[in-house]
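>>> Based on what follows, work out the 3D shape:
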Amino acid sequence: MQRTIVTVFLFLTGILSHAHAQQKDSLKVYGQAWVNVGSEGFGTFWSQNNRFGLFDQDQNDYLGLIGASYGDSLNNKWRYEAGAEFLVKQNFADNWLYQLYGNIQYGQLKLMAGWQKYTLGQYGGDLSSGSFLISSNPRPFFRMGIGFYDYVDVPFTDGYLRVKGAINNGWLEEDRSAHSIISSPMTHEKFGYISTGNLPVNLYAGISHMAMYGGKTQNGDPVGVDYWATFTGQGSDVTDFRGEQTNAVGEHLGVFDWGLTFDIKDYHIQLYQQKPITDRTGFRNNFSDNKDNFIGLVIETKEKKFVSGLVIEYVRTEQQGGLGVPDPILTDENGNRRLIIPSDPDDQAFLYDYYSSRGFDVENFDTRQWNSFLMTYYNFGYDFGGRVDYYNNSMYRHVYKNRVVGTPLILSSPVMGRYSDDPMATEGRYFVNNRVVAYHAGVKGWISNELNYRVILTYTENHGQWQKYEGRFNWNGVIDDPNHQWFWMDTKKQVYSFVELNYLPQRWDKWSFNLGIGLDRGELTDNFGATVGIEYQIN
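Next up is the predicted model:
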């Protein structure tokens, strides 16, 4: 991989050097300084989340950023762009290359490479609460991709039918042993959409998919890679992990995405609904009963108006396929927990011994009978494949550099450790609060030609994980003890708010000044904070 990166960027550097010699006035160079502080010793929720990992989420942060970008067209078909940014932190050891990328485009076909800001499945830009797949929350990681990232007309349809689609591969070069079995995994990302065009109201539908796969175990051994199985979301025997052989290789997340768009005067309006899917729940199983949603309204214009952007979103990740456990797990005579696959002959023999010794008549059961029996007597009548436990894949947590890759409304154990002194607040797998219902609104616009604003307000109802039953695979907790206690037994309600002003004085047109005020109030955390930024830019 390192050789590939070096080759790509030597090539891009050569192009940029030639281009810079031709048109120096296309180059943009800038520097920024930021302060982000909160009364609890760390920034407020929306001051630090969905900012591509700019600020430290563990403490008050002070940083500088220097950057440069360049883009130009070679002719009416070819275009290229490149950029680099470097962060200077209060602790020198925390300094890092923030962005370094180069993109080449022929018509609408684009080849991208590098560490650059990227989202998948997120609408509304900096007003959004985030995406189920890849939000603007984690810092950029290296990826290469190719495709039509924006809509193109289907030939011979006069623009009445449009499509877009692309495929990326990413590399998460990091030690993930603090939260995952596998370190340095790769990401597989793709999307495909179809839309009408040139109509008063245009309809679209598509699917976006992301997977984490490959990497190294904690012993340093490489994990087997079956790219086709990763692409299709199928199981494979290239790994020694049984769940990956029978379910899917790696962590798989996706969304079914559909909606409509139309224009009213200067405003472009979009209504959308996204249905989360995993390797099973929401896709092959429980699709019609899937009540988890990302629903939104986006209104935006390029004009400098008092309201130039508006986003309203409803997010629900509470159901997760229902109350049934994902798969049956039984304890053998040696006290070891065993994942049961009813179609496996060895497991059928184990099931016969296990249940016949307990007085059940299970002789000569086939796979269908075992499935029905286990659903009734093991899973309390619920279908298997529930309790998906979003982002908590046993091998690949949905996190990069300690930040959730998807929506920041799903809270990890380290985040809850900062929010609460109650030890029960951090009980469970890494993402201890992934069952969330949220109502979110964001608005921005121009107060004058020199002053713009952004306001974000989010109300959440937080239900934790599956601590009620002591885990997603268990029927314990309240089943065994009606007095069982857990942190989320009463819904935790929380409000996150943020107001931001950005001043661009015409007299000092190279300068801009930013001030943000955040306030978090509720049953998770109370925090008040401020963000101050300044930028100097040369075009």
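>>> which residues of the stretch 201-350 of the chain fall in strands?
202-213, 251-264, 267-277, 293-300, 309-316, 329-331, 337-339 (DSSP state E, counting those that start in this stretch).
>>> Mind jotting down where the helices sit in this protein?
Along the chain, counting by DSSP state H, helices occupy 2-22, 45-48, 227-232, 242-246, 345-356, 367-377, 413-419.
>>> wait, Asp347 sits on Ile341?
Yes. At 5.2 Å, Asp347 and Ile341 qualify as touching, with contact defined as C-beta atoms under 8 Å. Glycine gets a C-beta too; all of them are placed from N, C-alpha and C.
>>> quick check: mean pLDDT across stretch 376-386?
When pLDDT is averaged over stretch 376-386, the result is 91.
>>> Please apply the same query to stretch 226-236.
For stretch 226-236, mean pLDDT rounds to 77.
>>> separation between the closest residue to Leu351 other than its chain neighbours and Gly471?
Using C-beta to C-beta, 6 or more residues apart in numbering and skipping residues adjacent in sequence, the residue nearest Leu351 is Trp370, 6.1 Å away. As for Trp370, its distance to Gly471 is 23 Å (criterion: C-beta to C-beta, to the nearest Å).
>>> still on that earlier bit, what's the neighbour count on the residue nearest to Leu351?
Neighbour count of Trp370, defined by other C-beta atoms under 10 Å: 22.
>>> One more: Asn50?
Other residues lying near Asn50 total 24 when counted by other C-beta under 10 Å.
>>> So it is in contact with Gly130, correct?
Yes. The criterion here is C-beta under 8 Å, and Asn50 meets it with Gly130 at 5.8 Å.
>>> joint contacts of those two?
Counting by C-beta atoms under 8 Å, 6 or more residues apart in numbering, the shared contacts of Asn50 and Gly130 are Ser136, Asn137, Pro408.
>>> show me the contacts for the first one.
Taking C-beta under 8 Å, 6+ apart as the contact definition, Ser136 lies against Asn50, Arg51, Phe52, Lys117, Thr119, Gln122, Gly125, Asp126, Ser128, Gly130.
>>> PyMOL command for the buried members of these?
Restricted to buried positions by 16 or more other C-beta atoms under 10 Å, the PyMOL selection for the contacts of Ser136 reads:
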select buried, resi 50+51+52+117+119+122+128+130
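>>> and which of the contacts of Ser136 is nearest to Glu81?
Within those, distances to Glu81 taken as C-beta to C-beta reach their minimum at Lys117, with 12.7 Å.
>>> distance from the centroid: which residue in the protein tops it?
Centroid-distance maximum for the chain: Gly359 at 47.4 Å, with C-alpha atoms, centre = their mean.
>>> mind checking how far it is from Tyr377?
Using C-beta to C-beta, we find Gly359 at a distance of 11 Å from Tyr377.
>>> low-confidence ranges in the stretch 101-250 of the chain?
Judged by pLDDT under 70, the stretch 101-250 of the chain has its weakly predicted residues at 235-248.
>>> do that again at 80, thanks
Low-confidence segments of the stretch 101-250 of the chain (pLDDT under 80): 233-249.
>>> Tell me who's in contact with the spatially most central residue of the chain.
With distances taken as C-alpha atoms, centre = their mean, the residue of the chain nearest its centroid is Gly406 (1.7 Å). Shown in contact with Gly406 (C-beta under 8 Å, 6+ apart): Gly130, Ser131, Phe132, Leu133, Ile134, Ser135, Asn137, Leu253, Tyr390, Tyr391, His398.
>>> switch to 7 Å and redo it
Going by C-beta atoms under 7 Å, 6 or more residues apart in numbering, Gly406 touches Gly130, Ser131, Phe132, Leu133, Ile134, Ser135, Tyr391, His398.
>>> any idea of the pLDDT on it?
Gly406 carries a pLDDT value of 98.
>>> So Phe86 versus Ser413, what's the distance?
Per C-beta to C-beta, Phe86 is found 31 Å from Ser413.
>>> just Pro328 next, same as before
From Pro328 to Ser413 the distance is 27 Å (C-beta to C-beta).
>>> Which one's more surrounded, the two?
Higher neighbour count among Pro328 and Ser413: Pro328, with 21 against 17, using other C-beta under 10 Å.
>>> Now do the phi/psi pair for the residue nearest to that one when sequence neighbours are not counted.
Nearest in space to Pro328, with sequence neighbours left out and distances taken as C-beta to C-beta, 6+ apart, is Ile340 at 4.2 Å. For Ile340, the backbone dihedrals (degrees, to the nearest 10) come out as phi -100, psi 130.
>>> pretty sure Ile340 is in contact with Ala349, am I right?
No. At 11.3 Å, Ile340 does not count as touching Ala349 under the criterion of C-beta atoms under 7 Å.
>>> Comparing these two, which residue is more hemmed in?
Just comparing Ile340 and Ala349: by other C-beta under 10 Å the higher neighbour count belongs to Ile340, 18 against 10.
>>> give the contact list for Lys164.
Contacts for Lys164 (C-beta under 7 Å, 6+ apart) come out as Phe148, Tyr149, Asp150, Tyr151, Val152, Tyr193.
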